[in-house]
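Turn this into a model:
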Amino acid sequence: MKKKLTILLFSLIGCSVISNAQYYEDALRFSNANYGLGSTARMQAVGGAQIALGGDISSAVSNPAGLGFYNKSVFVFTPSLDFVNANTEYGIFRSDGVERHGSEETFKNNFNFANIGTVINFNKGRFTDDKFKGGSLAISLSRNNTFHLDRTYEGPNGYNSIVDNILQGAGNIPVDDLSELGYAAYDQFLITPTQNGYGAFVGGYPIQRETIKEQGSHYQLNMAWGGNYDDIFYFGGGMGVQILNYRQERFYEEFDFLQGGSDLDSLNAIFIDDEISVRGSGINFNAGAIFRPAPFLTIGASYTSPSFMSLDEESFIDLEADWDAGTTYTEEVDGEQVTYDLANINPYQSDLFVNQYRLRTPSKVGVGAALFVGKSGFLSGDLEFVDYSRANLNSDDFSTSVDNDIINETYESVMNVRVGGEYRFDNFRLRAGYAYFPDPVKDSGLSDRENITFGFGYRTFDYFIDFAVVSSNQQRQAVPYFIDNDQPAATSDINNTTVSVSFGFNF
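Just a heads-up that it's a prediction; the model follows:
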């Protein structure tokens, strides 16, 4: 059994930070793919509402039937720039309300490619008498998700310390069976065995501070084909290969142990560095259809299978206790008194833990409709159904039963909504849209994610340029540890503004 700790667990689950129940976070994080992120600027600008639209390389992921609309080949690439701002407020959640202790703002930007690829057209020409008009093959690389985010919070906690959580988790467990964090605290003399379990040397309550840094990406290599039957019925299917790279660093510290204590407290600070990296790959399949019952209306439906992913994880934890000079501890070892100079002990460094596990993400079902107003433009809308409680973890290295129970009990199905439109005049296009993504965690109390989008484009017979801006707002929460009463927590209001430009060349 692997002994691993992620210092800050998902704050909505009432389980101890010492437990092995932690991979449920990965199940949500890596299942929460959004094909709108990997769309062309044209589709991003209309809110990602593309299930009933065609003639765009983004259809390879959203609905491969849309590839059947092509009557020529194209090469497209879409560079993007993300501007991420996080305003994080720290507080103590007490039974009589929340004590708020200020907020800190962080900013990060990230350059990436939303997509790059080509569509090769194999149709039979515009004037063929055949009902089956041919089809198009798309090969592309698109972004499913991006993880670049920095958050920082700080505030006084006059009620508890992470040492209280360590004591709560240690109970009467023998030293050699403690969790990694528990053993690190024992190594640094933060806790010590007693006749009734463990005791602590901390004499007061601290100021707490943490910085959480996330980076990485989730891309998908797509191969899809879409066909055209009589310009009325379009159908297609495809395969996606997942490529995932994720890294998280959490720097947690407690200092100034004077809240409710005394100036005689000899502990100056606690520093914890917890890092984890996950790399993996996987595969999924998709299929879809678009029906044109009237020249001005298209109706689409798509299905994306679960992604079957294999993930490799590496992690470690470092803990250092900073004691006043001259602080000592004496104990009896093999009948002799041994005195330790706590100010000169080496920091605790864990081994590098290597783990493998498998994740099955939930499937997705989407339906959409598009209304065309002559040659002046269109209005489009999508509904997408995802049941996040269907995610499942499995490993030969450790038990995933607790994590899967949390997934089933805590996550729920959601209906994502996307709407948008385009107005055309000559070669120019104006676009706008909106997307709504409900929080998949039951009764979280956090706001749902919303996207407001707009953009414009210029198109000729040989090439096109599209520009899009997507403003996304959501909330996320983190806790340094779980405690029975007076829970410390930090809530972040996150705004991500994405600017994308698509360059396309027809051939």
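
which residues touch the lowest-mean-pLDDT helix or strand in the chain?
Ranked by mean pLDDT, DSSP states H and E, the weakest helix or strand in the chain is strand 328-333, scoring a mean of 80. For strand 328-333, contacts defined as CB atoms under 8 Å, 6 or more residues apart in numbering pick out F189, T192, F201, Q337, V338, T339, Y340, D341, L342. Every C-beta, even on glycine, is put in place using the N, C-alpha and C of the backbone.

The helix or strand that it is followed by - which strands sit beside it in the sheet, and in what orientation?
Downstream of strand 328-333, the next assigned helix or strand under DSSP states H and E is strand 336-341. According to DSSP bridges, strand 336-341 forms sheet pairs with strand 328-333 (antiparallel).

distance between the partner strand and the chain's centre?
Offset of strand 328-333 from its chain centre (CA atoms, centre = their mean, to the nearest Å): 46 Å.

Over to stretch 143-157?
Using CA atoms, centre = their mean, the offset of stretch 143-157 from its chain centre is 11 Å.

Quick check: mean pLDDT of that stretch?
Taken as a whole, stretch 143-157 has a mean pLDDT of 94.

first vs last residue of it, how far apart are they?
40 Å (CA to CA, to the nearest Å).

Buried ones among the contacts of strand 328-333?
F189, F201, L342 (16 or more other CB atoms under 10 Å).

Kindly state the pLDDT recorded for the second one?
Among the per-residue scores, F201 shows a pLDDT of 75.

cool, and the one 3 residues further on?
You'll see G204 listed with a pLDDT of 79.

Could you verify my assumption that it touches L258?
Yes: with contact defined as CB atoms under 8 Å, G204 reaches L258; the gap is 5.3 Å.

and stretch 371-379, C-alpha only, in CSV?
What follows is stretch 371-379, C-alpha atoms only, in CSV (Å, rounded to 0.1, in the frame of the first residue of the first chain):
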residue,chain,number,x,y,z
LEU,A,371,-31.3,27.9,-37.4
PHE,A,372,-30.0,29.6,-40.5
VAL,A,373,-31.3,33.0,-41.5
GLY,A,374,-30.7,32.9,-45.2
LYS,A,375,-27.1,34.0,-46.0
SER,A,376,-27.1,36.4,-43.1
GLY,A,377,-26.0,34.0,-40.4
PHE,A,378,-27.2,31.5,-37.9
LEU,A,379,-28.3,30.8,-34.3
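
Please spell out which residues along it are buried.
Neighbour-count burial for stretch 371-379 flags F372, G377, F378, L379 (criterion: 16+ other CB under 10 Å).

if we look at it, which residues are touching it?
The contact list for stretch 371-379, computed with CB under 8 Å, 6+ apart, reads 53, 295-298, 370, 380, 419-425, 429.

Near L297, how many residues? Count them for me, please.
14 (other CB atoms under 10 Å).

How about it, nearest residue that isn't a chain neighbour?
Excluding the flanking residues, the one nearest L297 by CB to CB, 6 or more residues apart in numbering is L371, at 5.9 Å.

doesn't the one you found fall inside a strand?
Yes: under DSSP: H, G, I helix; E, B strand; the rest coil, L371 falls within a strand.

before we move on, back to that, okay, and which of the buried residues of stretch 371-379 map to strands?
Within the buried residues of stretch 371-379, residues falling in strands by DSSP state E are F372, G377, F378, L379.

could I get those as JSON lines with pLDDT?
Output for these, formatted as JSON lines (pLDDT from 0 to 100):
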{"residue": "F372", "pLDDT": "96"}
{"residue": "G377", "pLDDT": "95"}
{"residue": "F378", "pLDDT": "97"}
{"residue": "L379", "pLDDT": "97"}
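
Just flag the most distant two among the contacts of strand 328-333.
The most widely separated members of those, counting by CB to CB, are F201 and Q337 (18.2 Å).

ok, back up a step: pick the one among the contacts of strand 328-333 closest to G227.
Ranked by distance to G227 (CB to CB), the contacts of strand 328-333 are led by F189 at 70.2 Å.

Phi, psi for that closest one please.
Per-residue torsions, F189: phi 60, psi 20 (degrees, to the nearest 10).

how many neighbours does F107 have?
10.

Which one of the buried residues of stretch 371-379 is nearest to Y219?
Distances from Y219 to these, taken by CB to CB, are shortest for F378, at 29.0 Å.

Once you drop chain neighbours, what's closest to the closest one?
F372 (4.7 Å).

Now the buried ones among the contacts of strand 328-333 in CSV, please, with extra columns for distance to T88.
Formatted as CSV, the buried ones among the contacts of strand 328-333 follow (distance: CB to CB, whole Å):
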residue, distance to T88
F189, 32
F201, 31
L342, 33
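
What is the nearest of the residues you listed to D448?
Of all the buried ones among the contacts of strand 328-333, D448 sits closest to F201, with 44.6 Å by CB to CB.

Now do the same contact list for that closest one.
Applying CB under 8 Å, 6+ apart, the residues contacting F201 are F189, L190, I191, T192, S266, L267, Y329.

what's the farthest-apart pair in those?
The distance between the two most remote of the contacts of F201 (CB to CB) is 15.1 Å, for I191 and S266.

Just want to know which of the two has more residues nearby.
Set I191 next to S266 and count neighbours by other CB under 10 Å: I191 wins out with 24 against 16.

ok, that one touching Q168?
No: with contact defined as CB under 8 Å, I191 does not count as touching Q168 (10.9 Å).

Which one of the buried residues of stretch 371-379 is nearest to R94?
Closest to R94, out of all of the buried residues of stretch 371-379 and judged by CB to CB, is L379, at 48.8 Å.

Distance check, the closest one against M415.
The gap separating L379 from M415 is 19 Å, by CB to CB, to the nearest Å.

Also P295?
For P295 relative to M415 (CB to CB), the value is 30 Å.

hey, where'd the helices end up in the protein?
24-31, 41-45, 59-62, 162-170, 180-187, 401-410 (DSSP state H).

For N346, find the nearest of the ones you listed.
Nearest to N346, of the helices of the chain and by CB to CB, is helix 180-187 at 9.0 Å.

Against which helices or strands is that closest one packed?
With contacts taken as 3 or more CB pairs under 8 Å, 6 or more residues apart in numbering; DSSP states H and E, helix 180-187 sits against helix 162-170, strand 191-194, strand 308-323, strand 348-349.

What residues of the third one count as buried?
By neighbour count with 16+ other CB under 10 Å, strand 308-323 contains the buried residues M309, L311, E313, S315, F316, I317, L319, E320, A321, W323.

got the contact list for the nearest residue to the second one once chain neighbours are set aside?
Using CB to CB, 6+ apart and skipping the chain neighbours, the partner closest in space to L311 is G280 (3.6 Å). Listed by CB under 8 Å, 6+ apart, the contact set of G280 reads F30, Q242, L244, M309, S310, L311, D312, L359.
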